[in-house]
Structures are given as structure tokens and as C-alpha cells.
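Trainee: Quick one: sequence plus predicted model below, questions after.
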Amino acid sequence: MDATGPAPAASADYALASMLSPYVRGALEHWRGPWHIRRWVVLDYLLVYIVSGNGHFSVGDDAFDVGPGDLIWIPPGVLHEMRGVSATMFVAYLHFDLVHDAERSPLVRSGARYPPGPHPDMHPAWTAQPIAGWTGLLPVVNGPAIYALMRQAIAEHRGARRALRVSGLMLEILAEIATGLSAPAANAGAHWPAMRRAAERIVAKPEALDLKSLAADARLSETHFRKLFRETHGESPREMRTRALMQKAAELVLHSNWSVTQIAYQLGFSTVHNFSRAFKREIGISPQGYRRTSNPIG
């Protein structure tokens, strides 16, 4: 039970997700020698991740060098040029639509290039943020996480080709890009992976919060770690721990036969009173009341 409902940011994410039905038509990762794709346009979206090697790209009016870890987003109809300048280069890419169109999407050939100008099969203009603002070299701080998802999408597209699975992976990729471009991620910078791992560890096992270990993993002092964690995630490690702990408690109250006292001690509370107070503060109702209202027959 959530007395407050979804946060505004979450509501915006749901609204964006409801607009999307990604369709992948081309996916590959491979080695290249020196290569050059002249300045042209494509009719769909193109996402490129540089695994190794170096090159020089241009997207629209921006020209930039690329190297390992760089992520490039090319919208439909935008003039772009790609050149690999190193002896070898390993590149991953996805050609996709944000929204599948049963009539238009199958007609577009993966990687086909066109002169600038209108085309009847071009992906319709996309205006919803934040995706509408993405173009060129994206300054994400979580490139490896995005690449890991891209590899899954490539393998699925070229293997089993389960459309729902591929579409779901594309949604994950879009969400990961949005995360990597967010203000908290940018603020954390090089420490973002450590801040993310710390949050994942807290959520996975909130009853075992160990600030010293989390700070050591991030190679930060405890004071700096707590400060950067709050700036990154919008709450302190202890606040995240309490929220995750109460979510776990709610599951145990609802789906286990343990007494409230047993749950309190299992989750590390010294008294059932402290547990009940924390539960009500987070969930909005006492553990006993939550169990009764959620299991009216039990």
C-alpha cells in the first residue's frame, strides 16, 4: 500500500512509456578496419556504441571525435557522417523505431541511407521529452550498462527474435540512457557506478546496511560517500535503507505466516514498537492493519 501514490517523475516516466512500442530492424556488433560512411540520413533512429578504436563523427552541425565508451544517438532525417580512423574498431549499433507502425516500419531497410529531405517512410517527428532532445554524442556516465543491454538486444534480435523481448530491452536501453543523462548521474560523474552499486546493495539487503563497506567500495570517505549518495539518489543511505526495509517488511506481513514480532526481529529491529512505528510512517498503516486490510479473508 502506498499512501502517497507515484512521484511526479515516475508519472512522467509512465506517460512516456505508454507512448513507446520500440521496433528493432537492424542490430549488430562487429570489428571494422578503417571505414567511412558519407554524410547522409537514415529514416529511423540509429544508436552507436564505440567499444574500442577511434573515429570522427558528425551529427547535424556538430563534429566530434569518438573513442571507447562513447554513445552516439542519431535521429531520423538528421545528416550524419561516420569515419573510423584506427586500424581496428569494434562498434555496436541498433537501427530502430520508437513506435512500431505496421504499415511503415517493415518497409524501411536497415542501414539504408537517403539524401536529406522528406520521405514517406521516415519515422514521424518525436516531440516527447527527454528523448526529443537527444542527438549526437550523449554524455552518459553509464555507457557500460547501456552497452550490456545493447548486447542483449543484438543477441535477441539476431537469435530467437522474440519481438516482446527485443521491445522490452529497447525500453530498458532508453531508460538507462535517460538515467545516464540525468542531473544526479552527471553530478556523481565517475563515481556513478559506485553510487549505483551501493543503492543496489542497500535495496537487495537493507537489513545489513554497512556504510563503511559501501564507502570503501566507492573509494570515498564515509562523509564524502554519504554526501554524494544523497546528491545522487535524493535520499541518504539510511533513508533508502528504511524505505527498502519497509517494502520488504510489507511483503513479509502480507505473504508470510510470521508474527509481527518475528518480522521485526528478522529485519533487525530491537523492539516490535520501533518496527511498527517505522512501518506506519513509511506505509501509512500499522503492520496489523496492513495484514487485515490486504487479506480480508485470511
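Mentor: The structure has been received and is ready for your questions.
Trainee: and residue 64, what does it touch?
Mentor: 56, 57, 58, 136, 137 (CB atoms under 8 Å, 6 or more residues apart in numbering). C-beta here means a position set from N, CA and C on the backbone, and glycine is covered the same way.
Trainee: mind listing the strands in the stretch 51-200 of the chain by residue range?
Mentor: Per DSSP state E, counting those that start in this stretch, the stretch 51-200 of the chain carries strands over the ranges 55-59, 62-66, 71-74, 80-84, 89-97, 136-138.
Trainee: With distance to residue 114 and mean pLDDT added, can I get the ones you listed in a markdown table?
Mentor: A markdown table is the format used below for those (distance: least, CB to CB, whole Å; pLDDT from 0 to 100):
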| stretch | distance to residue 114 | mean pLDDT |
| --- | --- | --- |
| strand 55-59 | 16 | 98 |
| strand 62-66 | 20 | 98 |
| strand 71-74 | 13 | 98 |
| strand 80-84 | 12 | 97 |
| strand 89-97 | 13 | 97 |
| strand 136-138 | 19 | 98 |
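Trainee: closest one to residue 27 among these?
Mentor: strand 89-97 (5.1 Å; CB to CB).
Trainee: Can you give the strand pairings for the closest one, parallel or anti for each?
Mentor: Looking at strand 89-97 with DSSP bridges, its partner strands are strand 23-32 (antiparallel), strand 45-52 (antiparallel).
Trainee: For it, what is the distance to the chain centroid?
Mentor: 18 Å (CA atoms, centre = their mean, to the nearest Å).
Trainee: if we can go back for a sec, for residue 49, which of the strands of the stretch 51-200 of the chain is the nearest?
Mentor: It's strand 89-97; of the strands of the stretch 51-200 of the chain, that one is closest to residue 49 (CB to CB) at 4.5 Å.
Trainee: got the angle between that closest one and strand 55-59?
Mentor: 20 degrees (axes from the mean of the first three to the mean of the last three CA atoms, to 10 degrees).
Trainee: now the angle between strand 80-84 and strand 89-97, please.
Mentor: Using the same axes, to 10 degrees, strand 89-97 lies at 160 degrees relative to strand 80-84.
Trainee: what about the helices in the protein?
Mentor: 8-19, 143-158, 163-180, 183-188, 192-204, 211-217, 222-233, 237-255, 260-266, 272-283, 287-294 (DSSP state H).
Trainee: In the second one, which residues are buried?
Mentor: Of the residues in helix 143-158, those scored as buried under the neighbour-count criterion (16 or more other CB atoms under 10 Å) are 143, 145, 146, 147, 149, 150, 151, 152, 153, 154, 156, 157.
Trainee: what do you get for the fifth one?
Mentor: By 16+ other CB under 10 Å, the buried positions in helix 192-204 come out as 192, 194, 195, 196, 198, 199, 201, 202.
Trainee: got the angle for that helix vs helix 237-255?
Mentor: Using the same axes, to 10 degrees: helix 192-204 against helix 237-255 is 30 degrees.
Trainee: Against which helices or strands is helix 192-204 packed?
Mentor: If you count contacts as 3 or more CB pairs under 8 Å, 6 or more residues apart in numbering; DSSP states H and E, helix 192-204 packs onto helix 143-158, helix 211-217, helix 222-233, helix 237-255.
Trainee: Any chance you could list what contacts that helix?
Mentor: 141-142, 144-145, 180, 185, 188, 209, 214, 217-220, 225, 228-229, 232-233, 237, 240-241, 244.
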